[in-house]
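Participant: quick check, what structure comes out for this input:
(one chain, ligands or ions: 1)
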Amino acid sequence: MNKNEIFQMMQKDALQIGLIGCGQISRVGHGPAIVADGRARIAAVCDPNAENRDRFARMFSVSRTYPDHLSMLAREKLDAVIVASLPWHHAGQVRDVAAAGIPMLCEKPMATSVQDCKSMIHAAGANGVYLQICHNKRFEFGFQRIKEMLAAKTIGASYHVSIDWNVYVPNYDEGIVKTGLQAINKLGFHPEKTYGDWRIKDARFDGGIFFDDGGHYIDLARFFFGEIESVSCATRRCMANRSSDDFVTATLTMSDKTVVVLTRSLVALGPKIYGIECGHIYGDKGTLRFNAFAPHRQKAIKVDIFKIPNLLLRSYVPAVLPYGRRKTGYFRQMRYFIDHLTGARPLERKFDGPWAATPEDGAAAVAWTSAAFKSAREGIKIFRKDIEA
Ligand SMILES: NC(=O)c1ccc[n+]([C@@H]2O[C@H](COP(=O)([O-])OP(=O)(O)OC[C@H]3O[C@@H](n4cnc5c(N)ncnc54)[C@H](O)[C@@H]3O)[C@@H](O)[C@H]2O)c1
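Facilitator: From the prediction side, this is the model:
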């Protein structure tokens, strides 16, 4: 009996969670976070892909599996549901779960259109159901500490943020990469599926990688600096056989006048196979630097502080942050969600206002991501008054 089987057996009386979608993020994010939290168990899962469903069920010792969410909702008595399917299914599934009166944690992007987001907000509201959106970066200790330092004016007044989130995904439809991948596929391994090639190859997902995860930093910009006042954006499809743009750079102007420049690229060669996800936040009295990691690496982010003495000493001060798997955004997001469901004492923080992304935050991220694409398409700057929110 492995540790997950023992855990599932011991948790019979715990909160019963149902999971929609058994792909990568459920395997590396939600599943481990539920197990680590210890107050809930994965009672049932659904996924039309039998291989992913069975793999997840084996990994987390889940005995009740379904091919679709409606049969799961009809047969299970669930206390909460996690929606971690593909983005274009979120809206319909959230509406169905809301109609069943069950609280939810829904993956980002909340949906693929603002209209869908609105229908989800309406369904949650009409059924009195709690809906939290997985903008999990808000729960990273490092980003929490940055928010606290911004509130305490540690770097004075911020004026500029630059974020680079770049990796190299080769064109595996041609040449030696294609041959290599075919050989790996013959051995039964499908790395392109494991890492979600719907982001670059599926015409149902217009917007690609930036629509998929650019919203994380659009959301974080709102979390740190207030409302977004305008966006201007440029995009390119560097590899022509992709169904969406693989290089995007968006400039956001925030209500406190901070300018956020966000670059997302799948064509940037660099020293690391995982690419880079890093940024600088500049204020008139200092700079904050962060390095973040993909959820599957289960590593907490790093934050460094630069002030004038550091400049003179050619050094920086690392922010002291707790380290380890249970301190990552995914674990803390789940903890917050379960705290909310059980009425437990919430996580401590030194900033005012709400923490988890509400459905309105999720919708704002979708609205501004869509606005960024419109800006690139039409060669115009888009202002807050022009976006559907
Ligand atoms: N918050 C984060 O940091 C983060 C990171 C990665 C992915 N995600 C999000 O999680 C979601 C899933 O991404 P992923 O990387 O796990 O993708 P994935 O391709 O690995 O998994 C998606 C799974 O959904 C299943 N699915 C397809 N249609 C379905 C349906 N109708 N009902 C139920 N399941 C269905 C697929 O078969 C697959 O198993 C996406 O919205 C993605 O943006 C979030």
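Participant: what sits closest to residue 263 if chain neighbours are left out?
Facilitator: Closest residue in space to residue 263, ignoring its immediate chain neighbours: residue 249 at 4.5 Å, by CB to CB, 6 or more residues apart in numbering. No exception for glycine: its C-beta is placed from N, CA and C like everyone else's.
Participant: how close does that neighbour get to the ligand?
Facilitator: Distance from residue 249 to the ligand, counting by CB to the nearest ligand atom, to the nearest Å: 20 Å.
Participant: again with residue 237
Facilitator: The separation that residue 237 has from the ligand, given CB to the nearest ligand atom, amounts to 20 Å.
Participant: try residue 310
Facilitator: 31 Å.
Participant: can you name the residue of the stretch 151-300 of the chain nearest the ligand?
Facilitator: Here the stretch 151-300 of the chain gets closest to the ligand at one residue, residue 196, 4.1 Å apart by CB to the nearest ligand atom.
Participant: that residue: neighbour count?
Facilitator: By the criterion of other CB atoms under 10 Å, residue 196 has 17 neighbours.
Participant: give me the residue at the spatial middle of the chain.
Facilitator: residue 135 (4.8 Å; CA atoms, centre = their mean).
Participant: that older thread, my guess is the residue of the stretch 151-300 of the chain closest to the ligand contacts residue 21, does it?
Facilitator: No - taking contacts as CB atoms under 8 Å, residue 196 lies outside contact range of residue 21: 11.3 Å.
Participant: overlap of the contact sets of the two?
Facilitator: The contact sets of residue 196 and residue 21 do not overlap (CB atoms under 8 Å, 6 or more residues apart in numbering).
Participant: that older thread, what pLDDT does the model give the residue nearest to the centre of the chain?
Facilitator: On the pLDDT scale, residue 135 is placed at 98.
Participant: that one contacts residue 218, doesn't it?
Facilitator: No - contact criterion CB under 8 Å: residue 135 and residue 218 do not qualify, at 9.1 Å.
Participant: shared neighbours of those two, anything?
Facilitator: Joint contacts of residue 135 and residue 218 (CB under 8 Å, 6+ apart) are residue 365.
Participant: ok, residue 156 to residue 289 distance?
Facilitator: Per CB to CB, to the nearest Å, residue 156 is found 16 Å from residue 289.
Participant: got it, and residue 203?
Facilitator: Applying CB to CB, the value for residue 203 to residue 289 is 38 Å.
Participant: those two: who's more crowded?
Facilitator: residue 289 (17 against 8).
Participant: identify the single longest helix in this protein, thanks.
Facilitator: In the chain, taking DSSP state H as the definition, the longest helix is helix 359-378.
Participant: after it, which helix or strand is next? Please name it.
Facilitator: strand 382-383 (DSSP states H and E).
Participant: so which elements touch that following strand?
Facilitator: Using 3 or more CB pairs under 8 Å, 6 or more residues apart in numbering; DSSP states H and E as the contact test, the elements touching strand 382-383 are strand 228-236, helix 359-378.
Participant: residues in contact with the residue nearest to residue 263?
Facilitator: 233, 234, 235, 261, 262, 263, 264.
Participant: count of residues packed around the first one?
Facilitator: It refers to residue 233. Neighbours of residue 233 under the rule other CB under 10 Å: 26.
Participant: what of the last one?
Facilitator: In terms of burial, residue 264 registers 27 neighbours under the definition other CB under 10 Å.
Participant: list phi and psi for it.
Facilitator: Dihedral pair for residue 264: phi -130, psi 120, per degrees, to the nearest 10.
Participant: which residues does it contact?
Facilitator: With contacts defined as CB under 8 Å, 6+ apart, residue 264 is in contact with 165, 166, 209, 210, 213, 214, 247, 248, 249.
Participant: cool, and the fourth one?
Facilitator: Under the criterion of CB under 8 Å, 6+ apart, the contact list for residue 261 reads 160, 161, 162, 163, 249, 250, 251, 252.
Participant: so the third one: helix, strand or coil?
Facilitator: So that's residue 162. Secondary structure for residue 162, judged by DSSP: H, G, I helix; E, B strand; the rest coil, is strand.
Participant: that one is in contact with residue 279, isn't it?
Facilitator: Yes - assessed by CB under 8 Å, residue 162 is found in contact with residue 279 at 6.1 Å.
Participant: comparing the two, which residue is more hemmed in?
Facilitator: Comparing residue 162 with residue 279 by other CB under 10 Å, the one with more neighbours is residue 279, at 22 against 14.
Participant: got the contact list for the residue nearest to the centre of the chain?
Facilitator: With contact set as CB under 8 Å, 6+ apart, residue 135 has these partners: 108, 215, 216, 219, 220, 223, 357, 361, 362, 365.
Participant: one more pass at 7 Å, please.
Facilitator: 108, 216, 219, 357, 361, 365 (CB atoms under 7 Å, 6 or more residues apart in numbering).
Participant: then residue 203?
Facilitator: Contacts for residue 203 (CB under 7 Å, 6+ apart) come out as residue 243.
Participant: repeat that for residue 95.
Facilitator: By CB under 7 Å, 6+ apart, residue 95 lies in contact with 119, 120, 123.
Participant: helix or strand for it, which one?
Facilitator: Going by DSSP H and E, residue 95 is in helix 87-99.
Participant: residue 385 falls within a helix, correct?
Facilitator: Yes - under three-state DSSP, residue 385 falls within a helix.
Participant: and the gap between it and residue 264?
Facilitator: Remark: distance between residue 385 and residue 264 (CB to CB) = 26 Å.
Participant: tally of neighbours for residue 86?
Facilitator: A count of neighbours around residue 86, defined by other CB under 10 Å, yields 17.
Participant: touching, it and residue 198? I think so.
Facilitator: Yes - between residue 86 and residue 198 a contact is recorded at 6.2 Å, counting by CB atoms under 7 Å.
Participant: any chance of the helices and strands packed on strand 382-383 in JSON lines, with mean pLDDT too?
Facilitator: Compiled in JSON lines, the helices and strands packed on strand 382-383 are given as follows (pLDDT from 0 to 100):
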{"stretch": "strand 228-236", "mean pLDDT": "98"}
{"stretch": "helix 359-378", "mean pLDDT": "97"}
